[in-house]
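Novice: build me a structure from this.
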Amino acid sequence: MSQDAAPDHGSASTGLVRVLRHDAGVAEIVLDRPEAMNAVSTAMARALSEAARGLAVDATTRAVVVSSSHPKAFCVGADLKERNLLTDEELRAQRPGNRAAYGSILELPVPVVAAVAGYALGGGCEIALSCDVIVASPGATFALPEVSVGVIPGGGGTQLLPRRIGWSRAADLIFTARRVDGTEALALGLADRVVEDPRATALELAATIATHSPVGVRNAKAAMRDGMDVSLAEGLDVEDARWHDTAFSADRAEGVAAFAEKRRPRWPGLSGR
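Specialist: Next up, the predicted model:
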C-alpha cells in the first residue's frame, strides 16, 4: 500500500502518525511506525489521539481515511515488547491513553474509512473496527488474539465486533483468537469491500463522501451512531432531531437550489449553519 498511490496536498506529523490532506476535504491518518509494523506504543497511542482530535475540530474535514505506511501491516496491535517492561502500576497508568486513542477514531464526526492491507491484529483490528467502513485487500489478516496472551480485546473489540458481525461470529473470532483473511472477513461482515489496492479505493470512497453535504453527512452519521443502541422509537426521535438540524441548514437550501438549477451544489457546510 504505497503512499505514492495518490497525491496529497499538505501533511502534518505528530510523530509515529502522519496526517495527509487531499482534495475536497479528505484527510488521511497514516500509521507510520514501520519498524515495529505499527505496534501501538504509549507514544503512538498519544500521537493517534492528537491526529484524530485535530481533525475532529476541523470544519473543513469531510471524510477521513486511516491507512498504513507499511506494505505488509496495517497495525499488529499493542506493543507487547513495551508492555513486557511495564509494572502493574505503569500498565494502569497507560490504559486511559490507549482508550483515548481508539476512542478518538470512533468519535470522529465525519465518515472514516479504514484501508487495510496486511496484518490488522489486536489493536490494529480494533482501529479498523472503530472506522465506519473497512476496505481490505484479499491478503489482509484480521484477528483479535488477546485471549491467547492472557488479556482481552481492550480497544473496543468486545463491543464493536459483535455489533458489526453478530454475537456468535464475534464469539468465534474472539474466543478462538483465529485469523481470517480479507475474503473471509468480507463474508463475515468484518470487511465491507475487498480490493487489490485498499488505500486507493478508500480514498476514492472518501472523495465521493466529500462531495455531499457536510451538514447532512455529519448528521446522518450522528443519527446512526446515537440511535444504534436505543429502542426503535427512541432512535426515530434521534433521527427526527438530526433531520431538523439538517433540513433548516444552509446546506439544505443550497442542495434544493442546485437541483432546481441543474448544477453541482456549492455547500456552505458548517460555516453556513
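Novice: quick one: Gly124 and Ala258, what's the gap?
Specialist: Noted for Gly124: a distance of 41 Å to Ala258, by C-beta to C-beta, to the nearest Å. For the C-beta atoms, the positions are set from N, CA and C on the backbone; glycine is no exception.
Novice: show me where this structure has helices.
Specialist: 42-56, 80-83, 88-106, 123-129, 157-165, 167-176, 182-188, 198-210, 214-227, 232-247, 250-261 (DSSP state H).
Novice: comparing the ones you listed, which gets the lowest mean pLDDT score?
Specialist: Ranked by mean pLDDT, those bottom out at helix 80-83, with a mean of 90.
Novice: show residues contacting it.
Specialist: 39, 41-42, 91, 149 (C-beta atoms under 8 Å, 6 or more residues apart in numbering).
Novice: equivalent analysis for stretch 213-228, please.
Specialist: Residues from elsewhere that reach stretch 213-228 (C-beta under 8 Å, 6+ apart): 25, 59, 62-63, 109-111, 132, 163, 209, 234-236, 238-239, 242-243, 245-246, 249-252, 254-255, 265, 267, 269-270, 272-273.
Novice: could you do stretch 161-181 as well?
Specialist: If you take C-beta under 8 Å, 6+ apart as the criterion, stretch 161-181 is touched by 121, 129, 138-148, 152-153, 157-158, 188-190, 228.
Novice: tell me how far that stretch lies from the chain's centre.
Specialist: In terms of C-alpha atoms, centre = their mean, to the nearest Å, the centre of stretch 161-181 is found 19 Å from the chain centre.
Novice: buried deepest among the helices of the chain, which one?
Specialist: Comparing the helices of the chain by mean neighbour count (mean count of other C-beta atoms under 10 Å), helix 123-129 ranks first with a mean of 30.
Novice: so what secondary structure elements neighbour that helix?
Specialist: On a contact count with 3 or more C-beta pairs under 8 Å, 6 or more residues apart in numbering; DSSP states H and E, helix 123-129 meets strand 73-75, helix 88-106, strand 112-116, strand 141-143, helix 157-165.
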